[in-house]
Every structure is written in structure tokens, then in C-alpha cells.
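Colleague: Got a sequence here, can you model it:
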Amino acid sequence: MSDNRAASRYVKSLLTLAVERNALEAVHQDMLLFSKICHENRAFEVMLRNPIIKHDKKRDILEKIFTGKVHPLTLSILDILTRKNREPLLPAIASEFHTAYNIYNGIGKASIVTAVPLDAALRGEFEGIVKKISEKDKVELTERIDKEMIGGFILQVGDRQIDASMKNRLKALKVKLSHNPYIKEF
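Modeller: Numbering: from 1, shown residues only. Next comes the predicted model:
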């Protein structure tokens with residue numbers, strides 16, 4: 001079984017259990033914290049994947065880091081996964097849990113790339129556009145800055161992409177100008 005399939009099964013179980021125990025928001029925040037730690041601390045993620053470090057030692061490390069900082073349900077899933085020797089799946093589980101949480105709550109996800117940071121008014125306009133495209137009431141907008149864009153934006157909602165960047169327009173203009181209608185192509 002691939003890691004993603006195994007992780008998605010754990011995510012479904014954790015989501016169901018969190019909903020049953022009215023701890024969905026707390027577990028979601030814990031999974032975001034776990035993802036942030038993995039993203040910011042490569043050594044932590046490498047430790048989870050390292051087959052040389054014993055599983056008991058990994059469980060002790062996880063307990064020392066997260067005891068008192070996360071919901072008991074999150075702590076128990078960490079314990080269960082380390083007892084089953086599945087701790088390398090923890091970063092994938094934390095990441096996929098956020099996606100499952102968004103689906104469960106009907107939150108649309110979109111990403112935008114701009115040349116400069118968005119202000120609140122512009123962010124609100126883009127969120128409105130995403131709500132229309134995705135037909136969702138809530139939107140999670142991920143922003144990224146690309147200095148090479150010069151201006152404009154690239155908005156991606158699901159499998160749709162709106163590319164209104166100057167970089168793309170200049171590229172299209174370059175292609176158009178490189179074609180000479182008076183020279184016969186073979």
C-alpha cells in the first residue's frame with residue numbers, strides 16, 4: 001500500500017473520530033502545528049523517517065514535544081502510529097488532514113501568484129472571484145510572490161487557471177512578433 005493511500009485512511013479515521021468527539025478544530029490546529037514543525041525543521045522530519053532510530057525513542061521524542069500542547073486525541077494518534085511503526089506517515093497525515101478538513105467544512109482552496117503582496121481590499125476581491133468560480137462560501141487563499149512577473153496575477157482554483165500576468169502577455173507578444181507573415185515557412 002502506498003504512503004498516500006495509508007495516510008488517507010488514517011486521515012479519514014482521525015477526522016471521523018474528531019467530529020464524534022467535538023474536537024475537530026483542536027485536532028485541525030494540532031495538525032497545522034505538526035505540518036509547520038515538519039516544514040520548518042527538516043531534521044525532525046528526517047528523524048521520523050529514519051529506520052535506525054527505534055520507534056520507542058521516536059515516541060518518546062513526540063511525547064516530550066507535544067504533551068500538554070496538543071489535544072489528547074492528537075497525542076493518542078501519534079502514539080498509535082508510532083506503536084504501529086507508521087511514524088514516517090505523520091507528515092503526510094498532517095498535510096492531508098488539512099485538505100480533508102477543508103472538504104468537510106466546504107472551504108474552497110485557491111492560490112494566487114503576484115508580483116507584489118496583496119492588500120486587504122485586493123485580497124477580498126480575489127476571494128470573491130474564487131467564491132464565484134468554486135461555488136463555495138468560504139475560501140482559503142494561498143499567496144505567493146514572484147518578482148519576475150512584473151505585474152498582473154496568476155489565479156488557480158482547482159483545475160482552472162487565470163493567467164493575467166505581464167510575464168505571460170510579454171511572452172505571447174514575443175511569439176507573435178517572431179512570426180513574420182512575409183517569410184514562407186517550410
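
Colleague: chain center to the helix or strand Met47 falls within, what's the gap?
Modeller: According to DSSP states H and E, Met47 maps onto helix 42-49. Mean-position distance between helix 42-49 and its chain equals 19 Å (C-alpha atoms, centre = their mean, to the nearest Å).

Colleague: Now do it: everything it contacts.
Modeller: Ile37, Cys38, Ile53, Lys58, Ile61, Glu87, Pro88, Leu90, Pro91 (C-beta atoms under 8 Å, 6 or more residues apart in numbering). Bear in mind the C-beta positions are built from the backbone N, C-alpha and C, glycine included.

Colleague: buried set for that helix?
Modeller: Residues Phe44, Glu45, Met47, Leu48 are the ones in helix 42-49 that count as buried (16 or more other C-beta atoms under 10 Å).

Colleague: in which helix or strand would I find the most centrally placed residue in the chain?
Modeller: For the chain, Ser95 is the residue whose C-alpha lies nearest the centre (C-alpha atoms, centre = their mean; 6.2 Å). If you go by DSSP H and E, Ser95 is part of helix 90-105.

Colleague: Measure how that helix sits relative to helix 42-49, angle-wise.
Modeller: Between the axes of helix 90-105 and helix 42-49, defined by axes from the mean of the first three to the mean of the last three C-alpha atoms, to 10 degrees, the angle is 100 degrees.

Colleague: Show me what helix 90-105 is packed against.
Modeller: Counting contacts by 3 or more C-beta pairs under 8 Å, 6 or more residues apart in numbering; DSSP states H and E, helix 90-105 is packed against helix 3-20, helix 24-40, helix 42-49, helix 72-83, strand 107-114.

Colleague: hmm, back to that, could you dump the buried residues of helix 42-49 to a markdown table with distance to Leu24 and pLDDT?
Modeller: Shown next, in a markdown table, are these (distance: C-beta to C-beta, whole Å; pLDDT from 0 to 100):
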| residue | distance to Leu24 | pLDDT |
| --- | --- | --- |
| Phe44 | 25 | 90 |
| Glu45 | 25 | 89 |
| Met47 | 28 | 90 |
| Leu48 | 24 | 89 |
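
Colleague: how about low-confidence regions in the chain?
Modeller: Within the chain, the segments meeting pLDDT under 70 span 1-2, 185-186.

Colleague: How is it divided into domains?
Modeller: 3-103, 107-178 (automatic domain parsing).
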